[in-house]
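Colleague: based on what follows, work out the 3D shape:
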Amino acid sequence: MRYLRLAGLFLRIGVLNELQYRANFFVQIFETVLAMLVSIGGISIIFAHTGTLGGWKSDELLALVGIYFLVGGLINFIIQPSMQRLMEDVRTGTLDFMLTKPEDAQLLASIRQVQIWKLIDVILGLGLVILAVARVGVQVGAMQALGFGVALLAGGAIVYSFWLLLATLVFWFVRIDNILVIFQSVYEAGRWPVGIYPGWLQMVLTFLVPVAFAVTVPAEAVVGRLTPESLLGAVLLAVVMLTISRQFWRIGVRHYSGASA
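Modeller: Prediction:
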């Protein structure tokens, strides 16, 4: 409960900061709607020439696009800004102020920066998922909803751990911003099912840059294509990556010199 109250406090601070620039709300709506229309247009063009793409039907791909925007919105809402703030604090030495606080430093580093308007991506993405599920005609029962929730949580944990691993590299390297740009570029591949790519690229998008677990697996859950093996693999990978990123964070903090170095 203490951690939830702490997260709520950072959220309120972030909201107050973002409300200073209310025009960003309309800019974000425009950007998200435009990107969503482009994605839907791409699907329409493809399915004007074929009935399926890698075994996925058009409405199923619509659900995947919704998950893509939903997960991307969550990443840009709190994970990306918090990790970028962490890297900046390490470079400038101001991480000292966070490490001296009586709370877990990793938790503080992970939730202290938010971009509230990115929740628009989450809301519109969720709306697109609901529309796609209605068009597919899948009966969403309790077990399917549970599978979707678990897959989404596991995918979020995997992406968070991946970002934390990248951000922790800043304890040894001065600037790693280009690596984060590469992640954003690779994440664009999540607009499509991972199964349509060549085998080597599927491995990259599954284990090196975990786009498959972040987007494709939750989309499979919501349209009734998820297998127990895929769900179990996502959960196990989430546990492994959370453990590894935690240990890597501790090693990185021990190498931190501070502002006085």
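
Colleague: name the surrounding residues that touch stretch 37-50.
Modeller: Leu53, Ser58, Leu61, Leu62, Val65, Tyr68, Arg191 (Cβ atoms under 8 Å, 6 or more residues apart in numbering). Quick note: C-beta positions are derived from backbone N, CA and C, even for glycine.

Colleague: can we see that at 10 Å?
Modeller: 52-53, 56-59, 61-62, 64-66, 68-69, 128, 191-192 (Cβ atoms under 10 Å, 6 or more residues apart in numbering).

Colleague: so of those, which ones are in helices?
Modeller: Ser58, Asp59, Leu61, Leu62, Leu64, Val65, Gly66, Tyr68, Phe69, Leu128 (DSSP state H).

Colleague: report how many residues lie close to the fifth one.
Modeller: I take that to be Leu64. Neighbour count for Leu64, taken as other Cβ atoms under 10 Å: 26.

Colleague: for the helix or strand hosting Met143, name the packing helices and strands.
Modeller: In this structure, Met143 sits in helix 142-168 according to DSSP states H and E. Under the contact definition 3 or more Cβ pairs under 10 Å, 6 or more residues apart in numbering; DSSP states H and E, helix 142-168 sits against helix 58-74, helix 80-92, helix 105-111, helix 119-136, helix 177-187, helix 211, helix 217-222, helix 228-254.

Colleague: I'd like the average pLDDT over it.
Modeller: On average, the pLDDT along helix 142-168 is 90.

Colleague: who's in contact with the most centrally placed residue in the chain?
Modeller: By Cα atoms, centre = their mean, the mean C-alpha position of the chain lies nearest to Ile75, the distance being 3.8 Å. For Ile75, the contact set (Cβ under 10 Å, 6+ apart) comprises Pro81, Met83, Lys118, Asp121, Gly156, Val159, Tyr160, Trp163, Phe183, Gln184, Tyr187, Ala214.

Colleague: how near is the fourth one to Tyr68?
Modeller: This points to Asp121. 9 Å (Cβ to Cβ, to the nearest Å).

Colleague: equivalent analysis for the third one, please.
Modeller: Distance of Lys118 to Tyr68, computed by Cβ to Cβ: 14 Å.

Colleague: need the contact partners of stretch 168-181.
Modeller: Contacts of stretch 168-181 (Cβ under 10 Å, 6+ apart): 80, 83-84, 86-91, 95, 106, 109, 163, 166-167, 245, 248-257.

Colleague: count the neighbours of Arg246 for me.
Modeller: Arg246: 12 neighbours (other Cβ under 10 Å).

Colleague: which regions of the stretch 1-150 of the chain lie under the pLDDT threshold?
Modeller: Scanning the stretch 1-150 of the chain for pLDDT under 70 picks out 1, 3.

Colleague: dump the residue contacts of the closest residue to Val114 other than its chain neighbours.
Modeller: Leaving out its chain neighbours, the residue that sits closest to Val114 by Cβ to Cβ, 6 or more residues apart in numbering is Gly14, at 3.4 Å. Counting by Cβ under 10 Å, 6+ apart, Gly14 touches Phe77, Ile78, Pro81, Ser82, Ile111, Arg112, Gln113, Val114, Gln115, Ile116.

Colleague: identify the residue nearest Glu60 in space, chain neighbours excluded?
Modeller: Val223 (4.6 Å).

Colleague: same check on Glu220?
Modeller: Nearest non-adjacent residue to Glu220 (Cβ to Cβ, 6+ apart): Leu226, at 4.2 Å.

Colleague: give me the element the one you found is part of.
Modeller: Using DSSP H and E, Leu226 falls outside every helix and strand.

Colleague: any idea how far it is from Trp117?
Modeller: For Leu226 relative to Trp117 (Cβ to Cβ), the value is 31 Å.

Colleague: and what of Ile176?
Modeller: On the measure of Cβ to Cβ, Ile176 and Trp117 end up 26 Å apart.

Colleague: thank you, goodbye.
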